[in-house]
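Enquirer: Below: sequence and its predicted model.
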Amino acid sequence: MKSYEVAAIVVAAVLGLDALVHVYWLTGRTWPARDVRALSRVVLNAEVPFTPRVLLPLIVVLVGGAGLVLARADLLGGWLPGWLPGWVPTVGTLAVAAGAFVRGGAGIVWAAGIGASRDTAFYRLNLIAYTPVCLALGGAATVVLASG
């Protein structure tokens, strides 16, 4: 297996897992928090509703991004619709990389204590999970993009 294929599988797996977590929240459950308000603070450092109107588009974007990265690495075989222009997986993979790097950059700012209080669960999760995962995700999507 080529390195860009491994990178594509990693990106798709992370985005797919994130989509599944959003589907879980769509059921009304709030793990890893005790309620929706706390969940919003832990995950987003802000109060945002976890409603279908918010969650469903995110799920579609995450699943779509995963699929486009796999398509860019030519790992979907015959699953890619014939009507889909060949440039779409490239643009989708570029969007995944850019989005991950933007979130990773914001995470670095928050890790510096700008816009996030150091005594919150969000701050700790951002530092040990969200930001490193986003930066790795952006790097892996860039590997897929560079596969030519």
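Expert: Thanks, I have the structure now.
Enquirer: Not counting sequence-adjacent ones, nearest residue to Leu80?
Expert: Setting aside the residues directly before and after it, Leu80 is nearest to Ala71 in space (C-beta to C-beta, 6 or more residues apart in numbering), at 5.2 Å. All C-beta atoms are positioned from the backbone trio N, CA, C, and that covers glycine.
Enquirer: burial count for the nearest residue to Ala111 once chain neighbours are set aside?
Expert: Nearest non-adjacent residue to Ala111, counting by C-beta to C-beta, 6+ apart: Leu127, 5.2 Å away. Number of residues near Leu127 (other C-beta atoms under 10 Å) recorded here: 16.
Enquirer: tell me the pLDDT at Leu127?
Expert: In this prediction, Leu127 carries a pLDDT score of 96.
Enquirer: SS state for it?
Expert: helix (DSSP: H, G, I helix; E, B strand; the rest coil).
Enquirer: I'd say it and Ala112 touch.
Expert: No. Using C-beta atoms under 8 Å, Leu127 makes no contact with Ala112, being 10.2 Å away.
Enquirer: Please name every helix or strand in contact with the helix or strand Trp110 falls within.
Expert: Using DSSP states H and E, the element containing Trp110 is helix 87-111. Where contact means 3 or more C-beta pairs under 8 Å, 6 or more residues apart in numbering; DSSP states H and E, helix 87-111 is packed against helix 52-72, helix 121-125, helix 131-145.
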